[in-house]
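*Asks:* with the sequence up front, the predicted model follows.
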Amino acid sequence: MSSPSSGQLTASTAALLLIPPLMWAGNAVVGRMMQGVIPPVTLNFVRWSLALLLLLPLAGWVLRRDSGMWPHWRRFAWLGLLGAGLYNALQYLALKTSTPINVTLVAASTPIWMLMLGRVFYGVAVSHRAALGAALSLSGVAVVLSRGDAAQLLAVQLVPGDAWMLLASLVWATYSWQLAKPPAGAEPAAIKADWAAFLLAQVVFGVAWSGLMSAGEWLVLPPAPAGQPHVVWGWPLMLALVYVAVGPSLLAYRAWSAGVGRVGPTIAGFFSNLTPLFAAVLSATLLGEAPRLYHAAGFALIVGGILVNSRR
């Protein structure tokens, strides 16, 4: 086996890196399928509550008073708000009015928002190649948001879900920079070295944040139609909850961490761009929402921009 620093992409590593985009695409499709079954912010709260229970046997020690987490609780509370609390809640909200293909395509523009945030808040220089890549990717986002209709883009007539997902992408870009540029001594080495402990330290606060958001959601929910509860309990919901708690929450996180450790973030980043393709296949199969020509054009522009930006 090659060393992690070699950057060699083996068949086993490629298979490992295919798991996260498949799980993320499935999360978008399941989130769309659960519209009308459970309120979106409540879905996020239940998802991370179940993930918390699954993480306890793996890293429950991180919650002990002497684990080293509590002196840095503000740091993990901030990460939990961005990653578990806000991003996923906004994504499920977006899926109320937008399709999984649109949502994952807009999310694919996150590296460009990271580029902009890095320049504004961290002083990271933006090269001419990076600027060209950003322009291409933003053009792809514009194609997706306008559904290929320039008149709609000029009129700024976007569905609410597209706006929610743009905000979610900015939140995830902020979260990514927070992970990449932690304050000195803000993350105990023992916790950061253990993927389950590092995730649990964020999730325990993320559950608290999402619980507060879920309570707010129930305060503003309109009355349910007669005989139709806000939460429709049954096997479809139970299976969906198991999937979102295990697949995109734990399995994808573990596979992504291992894959990035083997080949680095640049090569791994290309695999994340497969998420819209998987979403298109799953949407056509499970939802009957076939991809359109503008989806392909937007995908080509977004990925083209990231490729231009990533070339040495």
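*Replies:* Nice, I can see it.
*Asks:* quick check: most distant residue from the centroid of this structure.
*Replies:* residue 226 (35.2 Å; Cα atoms, centre = their mean).
*Asks:* helix/strand/coil for it?
*Replies:* Of the three states, residue 226 takes coil under DSSP: H, G, I helix; E, B strand; the rest coil.
*Asks:* so after the helix or strand bottoming out on mean pLDDT in the chain, what's the next helix or strand?
*Replies:* The helix or strand with the lowest mean pLDDT-type score in the chain, counting by mean pLDDT, DSSP states H and E, is helix 150-154 (a mean of 59). The helix or strand immediately downstream of helix 150-154 is helix 160-180, counting by DSSP states H and E.
*Asks:* mean confidence score for that next one?
*Replies:* The average pLDDT within helix 160-180 is 88.
*Asks:* next SSE after that helix?
*Replies:* helix 189-192.
*Asks:* buried residues of that next one, list them for me.
*Replies:* Of all the residues in helix 189-192, those buried under the rule 16 or more other Cβ atoms under 10 Å are residue 191. Where C-beta positions appear, they are placed from N, C-alpha and C, glycine not excepted.
*Asks:* send me it as CSV with only the CA atoms.
*Replies:* Only the C-alpha atoms of helix 189-192 are listed here, as CSV (Å, rounded to 0.1, in the frame of the first residue of the first chain):
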residue,chain,number,x,y,z
ALA,A,189,-4.9,16.5,20.1
ALA,A,190,-6.5,13.4,21.5
ILE,A,191,-9.9,14.4,20.3
LYS,A,192,-8.8,15.6,16.9
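*Asks:* from memory residue 117 sits against residue 172, does it?
*Replies:* No. With contact defined as Cβ atoms under 8 Å, residue 117 does not count as touching residue 172 (10.6 Å).
*Asks:* higher neighbour count, the two?
*Replies:* residue 172 (21 against 16; other Cβ atoms under 10 Å).
*Asks:* for that one, what are its contacts?
*Replies:* 82, 83, 87, 107, 110 (Cβ atoms under 8 Å, 6 or more residues apart in numbering).
*Asks:* check those and tell me the two furthest apart.
*Replies:* Farthest-apart pair in the contacts of residue 172 is 82 and 107; separation 14.6 Å (Cβ to Cβ).
*Asks:* contact partners for the residue farthest from the centre of the chain?
*Replies:* With contact set as Cβ under 8 Å, 6+ apart, residue 226 has no partners.
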